[in-house]
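Visitor: I'll drop the sequence and a predicted model, then ask my questions.
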Amino acid sequence: NAGVTQTPKFQVLKTGQSMTLQCAQDMNHNSMYWYRQDPGMGLRLIYYSASEGTTDKGEVPNGYNVSRLNKREFSLRLESAAPSQTSVYFCASSGLGTGGRGEAFFGQGTRLTVV
Amino acid sequence: AQSVTQPDIHITVSEGASLELRCNYSYGATPYLFWYVQSPGQGLQLLLKYFSGDTLVQGIKGFEAEFKRSQSSFNLRKPSVHWSDAAEYFCAVGLLSGGYNKLIFGAGTRLAVHP
C-alpha cells in the first residue's frame, strides 16, 4: 500500500532552471494538493485539484504550474526557479469527504534547494 | 478569515511527563479539526480528528484531544511522553471551499523529549 509517492526526494537547482515534481496516489482519491513547508509558517497550499481535469490556485501559486495528468498523478512545475522557492514540498490527496471532513494523506516530501 | 494558531513554537518535556499542545482556531461554523504529526524527514501522519459528537477524541499512539467550543480550542494531550514522540505537530481546520476539502494549518509545534 504505497499511498502518496513523490519524486524526487531531494533536488538542488540553479536559479533559472526548471524542474517538475511528480506525485502519484493509489487510493483512488479525487482531490490532490501541493503544499510548501517553510520554517515557522506551517504548510501553505500552492495549487490543488478538486477532481480529475480541474486545477486551481491556492495561497501561494506564483512561480508554479501544475498538471493533473489523470486521477492518480498531479505534477508541480517550476519554470524558472528562484531562491525564494527553496522549501520542502508535499503532495497530498483526499477523498470526497463532505464539508471539509476529508482526511489528507501526505507524501514523504521533496526537499528543494535553489542556489 | 479562517486561521489556526499554535502558540508554542517549541516545547521540551522529559520522557514520562505529560504533554499538552495548544491549538486555537478562528472559524465561524463548527469546524472539522485535525492533528497531524511529522517525524524528521517524513511526511505528515494523521493523529486524530474531530467532526462532531463527543468532544474528547482518541487518536493513535496514545494521543487524545479535546474540543472546547467556548474557547475555540482543540488541544492535544498525552499522559506519558515517549522519546519517539519527538516530532513536529500540526493542528489544522478542515472546511469545504470552492468544491474541495481545504485544510488550514497552524505553524506547528516542535516537541523535544529529554531522557
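Guide: Arrived safely. Residues are numbered from 1 along each chain as shown, chains lettered A, B, ... in the order given.
Visitor: tell me how far B:Asp8 lies from B:Arg22.
Guide: The gap separating B:Asp8 from B:Arg22 is 6 Å, by CB to CB, to the nearest Å. The way it works is simple: take the backbone N, C-alpha and C, and place the C-beta from them, glycine included.
Visitor: tell me which element the one residue sitting closest to the centre of chain A is part of?
Guide: By CA atoms, centre = their mean, chain A has its centre lying nearest to A:Trp34, at 2.4 Å. If you go by DSSP states H and E, A:Trp34 is part of strand A:31-37.
Visitor: so is that strand next to chain B?
Guide: Yes: for strand A:31-37, a contact with chain B is found by CB under 8 Å from any CB of the partner chain, at A:31, A:33.
Visitor: swap in stretch A:63-83?
Guide: No: Stretch A:63-83 stays clear of chain B (CB under 8 Å from any CB), getting no nearer than 12.2 Å.
Visitor: over to stretch A:42-61?
Guide: Yes: residues of stretch A:42-61 contacting chain B under CB under 8 Å from any CB: A:42-45, A:48, A:50, A:56.
Visitor: among the residues you listed, name the buried ones.
Guide: Buried by 16 or more other CB atoms under 10 Å in any protein chain shown: A:42-45, A:48, A:50, out of these.
Visitor: tally of neighbours for A:Val88?
Guide: Close neighbours of A:Val88, defined as other CB atoms under 10 Å in any protein chain shown, add up to 18.
Visitor: just checking: what are the partner strands of the helix or strand hosting it?
Guide: Assessed by DSSP H and E, A:Val88 sits inside strand A:87-94. Strand A:87-94 has the following strand partners under DSSP bridges: strand A:31-37 (antiparallel), strand A:104-106 (antiparallel), strand A:110-114 (antiparallel).
Visitor: what are the phi and psi angles of B:Arg69?
Guide: phi -60, psi -40 (degrees, to the nearest 10).
Visitor: show me which residues of stretch A:51-58 are buried.
Guide: A:55, A:58.
Visitor: put the alpha carbons of that stretch into PDB.
Guide: Provided in PDB are the C-alpha atoms of stretch A:51-58 (Å, rounded to 0.1, in the frame of the first residue of the first chain):
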ATOM      1  CA  SER A  51     -11.100  16.300  -9.300                       C
ATOM      2  CA  GLU A  52      -9.500  15.000 -12.500                       C
ATOM      3  CA  GLY A  53      -9.400  17.700 -15.100                       C
ATOM      4  CA  THR A  54      -9.500  20.700 -12.800                       C
ATOM      5  CA  THR A  55      -6.900  22.700 -11.100                       C
ATOM      6  CA  ASP A  56      -7.000  25.900  -9.100                       C
ATOM      7  CA  LYS A  57      -4.700  28.200  -7.300                       C
ATOM      8  CA  GLY A  58      -4.100  28.100  -3.600                       C
END
